[in-house]
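Enquirer: Fold the following, please.
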Amino acid sequence: MNASVLIIFCLFLAGYAVFSVLFFFLWIRPRLLPEPAVAATAPAVPAEGSETFTKEKTHGAQTSNPVLQQALDEWRYTFDAIIDPVLILDSEMRIVKGNQAAIQLLATDGATIEGKYCHQLFAGSSTPCPFCPVQTVRLENKPHAQEITHRYLGRTFAVSCSPLLDDGRIVGFVYSAKDISHQRSLEKRLVHAHKLESIATLAGGIAHDFNNILGAILGNADLLLYRLPSKEGPGEAPLGPPVRVEEITEHVQAIKRAGTRAKDLVAQILAFSRQSSNQRRDLLIAPVVKESCRLLRATLPTTIEIKVAVPEGIGMIHADAGQVQQVVMHLCTNAAQSLPNNAGVIEISLREIETGKAEQLRYHDLAPGRYIVLTIKDNGKGMPQETLERIFDPFFTTREVGKGSGMGLAVLHGIIVAHDGVVDVTSEPDKGSVFTVFFPRVPDAESDEDDQERAIPQGSETILFVDDEEDIVGMRTRMLSHLGYRVLPATSPEQALDYITRGEERIDLLITDHTMPRMTGLQLATKISATNPDLPIILCSGYSEAVTVEESQQAGIRRFLAKPVDMRLLALAIREILPNRDGRTQ
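Expert: So this is what the prediction gives:
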């Protein structure tokens, strides 16, 4: 910045400060102070709901002083020229004055906004908003800014609020709201588009992983079928020696391991591609990193060595699993692209640290506390300092035209910041790069090892099981029968409704699939609950976001289980819902 620009900038600030002071003392302050007594010929008329402000005041006063009047007019023009809504509030959060942008946003049917409470117009509420910045300003006695989504208006605002003081006492507030709804909508679309781009990159690796999983399942199934005696006659003798029970157990366990891996892979793909951006929960990060590395191994060339160092006992973070996976996958993909001739080493590690003075000096945005640190290091071509300073800027990319949007690292930076994390990058040309991500650690969740050690609970009640896949119905019927239950199988919602309508069977529990032809599981549950409100229902679905909590409660659904359902989890869920013989639930 040269000297002339600096001088002009300083003059602008000085002028703005002078006008601000004049505006406050000549126009705002007199309206925030109690009205002095006036002659009987000019009585003050209070505005609606206010004993302080008159209608004349709220609509703009006139003065016989031409200089003062000109200053007031100029400030009124300036006030109305601001394109973002700006409000002046009294100490009780009533609107004293709003500029034209605020009137256009908040006024309905030409009604005045002055004298009304701001939360009436922004939130349609008779009480202040839970996260109102005015409350924070009142407590801290200093300006405050934050982002608020008002569903009443259907918009998201970047709001700021500053106190108006008189002898150290707050007599009002200046409140501005910038509409950033379009910006936030574009950001959500961008994040989702980036996820889809990443999935397209990983498609080959995912297909490779699924083929390996299917190979393990089909191979073990073939070994069992060809070695078991045939029931159709002595046409074909079993291959090899007679199969032993231990070998059958080994093959079945291998099939289950492969199926569990496929289940986890599907869950990760769904988590990775979903559009929802508010799915944070207490999460063990180590399994997410390990699964991401397995996906990467199937995707990246075999000439790239991946070293993973994830020690036991790594704690939990409060995060969205899909977004954490997105961070790992994208950083590793970037690292692979920096390796010359697709040959080199990528090191991925996790560790826990307690931040001290050294870390806070090195990472200025890092608050004191315990963190889980994700480090991704490569020995690629690295980056010069001028590139390093811009890598998180939107649309900045070092790739050739048509080979990248440049939004990847900007999106990842937003994800990390949204998780209260910090990201740091070090790099030198021809020496590689190191990305270090700090996630705040949260206390460990209670372990469920006791549940895994308990025997599978059984029962004797009657269960109506509904699924449009005949193989699933047959398998679940056998499974539940082995657990002692009497099962009424149904392969369509209509067949299930027929069981209920006839009333010939006393049904203790309904277990239904969600995605079925002609009627969803949710619709089936709603119909059955209307006539049998006391019948407990378990809904099974392959997609956990298919049904909201509110919809489930309205339909009478007691439990949601993600498909494929583990036998132990299903047995535990049934016993948690159904009453024991003494009438109590477990």
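Enquirer: List the residues that contact the residue lying closest to Arg155 once chain neighbours are set aside.
Expert: Spatial nearest neighbour of Arg155, chain neighbours left out: Ser181 (4.5 Å); criterion: Cβ to Cβ, 6 or more residues apart in numbering. Quick note: C-beta positions are derived from backbone N, CA and C, even for glycine. Contact analysis of Ser181 by Cβ atoms under 8 Å, 6 or more residues apart in numbering lists 154-156.
Enquirer: Got the confidence number for Pro311?
Expert: Predicted confidence (pLDDT) for Pro311: 89.
Enquirer: And for Thr41?
Expert: Value listed for Thr41 in the pLDDT field: 35.
Enquirer: that older thread, tell me the buried residues within the contacts of Ser181.
Expert: 155-156 (16 or more other Cβ atoms under 10 Å).
Enquirer: In strands only, show me the contacts of Ser181.
Expert: Of the positions in these, 155-156 sit in strands, assigned by DSSP state E.
Enquirer: List the buried residues for stretch 71-88?
Expert: Result for stretch 71-88 [16+ other Cβ under 10 Å]: buried residues 71-72, 75, 79, 84-88.
Enquirer: tell me which of those residues is nearest to Arg518?
Expert: Pro85 (49.6 Å; Cβ to Cβ).
Enquirer: The closest one reaches Ala102, doesn't it?
Expert: Yes - with contact defined as Cβ atoms under 8 Å, Pro85 counts as touching Ala102 (3.7 Å).
Enquirer: Surely Val137 is within a strand?
Expert: No - using DSSP: H, G, I helix; E, B strand; the rest coil, the assignment for Val137 is helix, not a strand.
Enquirer: just checking, it touches Cys161?
Expert: Yes - with contact defined as Cβ under 8 Å, Val137 counts as touching Cys161 (4.9 Å).
Enquirer: Overlap in contacts, these two.
Expert: With Cβ under 8 Å, 6+ apart, Val137 and Cys161 have common neighbours 143-144, 173.
Enquirer: Who wins on neighbours among those?
Expert: Within those, neighbour counts (other Cβ atoms under 10 Å) peak at Phe173, which reaches 22 neighbours.
Enquirer: so that residue is in which element?
Expert: strand 169-179 (DSSP states H and E).
Enquirer: Pairing partners for that strand, with directions?
Expert: Here strand 169-179 is paired, per DSSP bridges, with strand 86-90 (antiparallel), strand 155-166 (antiparallel).
Enquirer: quick revisit: out of the buried residues of stretch 71-88, which is nearest to Asn220?
Expert: For these, the minimum distance to Asn220 (Cβ to Cβ) is 65.0 Å, reached by Asp84.
Enquirer: Would you agree that closest one falls within a strand?
Expert: No - per three-state DSSP, Asp84 lies outside any strand segment and is coil.
Enquirer: so who does Phe79 touch?
Expert: By Cβ under 8 Å, 6+ apart, the neighbours of Phe79 are 86, 97, 99.
Enquirer: Could you tell me the backbone phi and psi angles at it?
Expert: For Phe79, the backbone dihedrals are phi -60, psi -40 (criterion: degrees, to the nearest 10).
Enquirer: any idea how far Val96 is from it?
Expert: Distance check for Phe79 against Val96: by Cβ to Cβ, to the nearest Å, it reads 12 Å.
Enquirer: which residues are common contacts for Pro85 and Ala102?
Expert: With Cβ under 8 Å, 6+ apart, Pro85 and Ala102 have common neighbours Ala177.
Enquirer: now the strand or helix carrying Gly474: how far from the chain's centre is it?
Expert: Gly474 is part of helix 470-482 when elements are defined by DSSP H and E. Counting by Cα atoms, centre = their mean, to the nearest Å, helix 470-482 is centred 36 Å from the centre of its parent chain.
Enquirer: Relative to the following helix or strand past that helix, what are the paired strands and their orientations?
Expert: Counting by DSSP H and E, the next helix or strand C-terminal to helix 470-482 is strand 486-490. Partner strands for strand 486-490, per DSSP bridges, with pairing direction: strand 462-466 (parallel).
Enquirer: Would you map the helices across the stretch 251-400 of the chain?
Expert: Using DSSP state H, counting those that start in this stretch, the helices of the stretch 251-400 of the chain run over 285-299, 321-337, 357-362, 385-388.
Enquirer: Nearest to Val422, out of those helices?
Expert: The nearest among these, by Cβ to Cβ, is helix 357-362 at 9.7 Å.
Enquirer: tell me the average confidence for that closest one?
Expert: The pLDDT scores in helix 357-362 average 69.
Enquirer: what stretches of the stretch 401-550 of the chain score poorly on pLDDT?
Expert: Counting by pLDDT under 70, the stretch 401-550 of the chain has low-confidence residues at 401-408, 410-411, 444-454, 543-549.
Enquirer: Do you have the helices of it handy? List them.
Expert: Under DSSP H, counting those that start in this stretch, the stretch 401-550 of the chain gives helices at 408-418, 449-453, 470-482, 493-502, 521-531, 549-554.
Enquirer: hang on, the earlier thing: which strands or helices does the helix holding Gly474 pack on?
Expert: Secondary-structure packing of helix 470-482 (3 or more Cβ pairs under 8 Å, 6 or more residues apart in numbering; DSSP states H and E): strand 462-466, strand 486-490.
Enquirer: coming back round to it: and the shared contacts of Val137 and Cys161, which is closest to Leu497?
Expert: The closest of those to Leu497 turns out to be His144 (Cβ to Cβ; 56.3 Å).
Enquirer: Could you check the pLDDT of the closest one?
Expert: On the pLDDT scale, His144 is placed at 89.
Enquirer: Check Leu218 too.
Expert: pLDDT at Leu218 comes out at 84.
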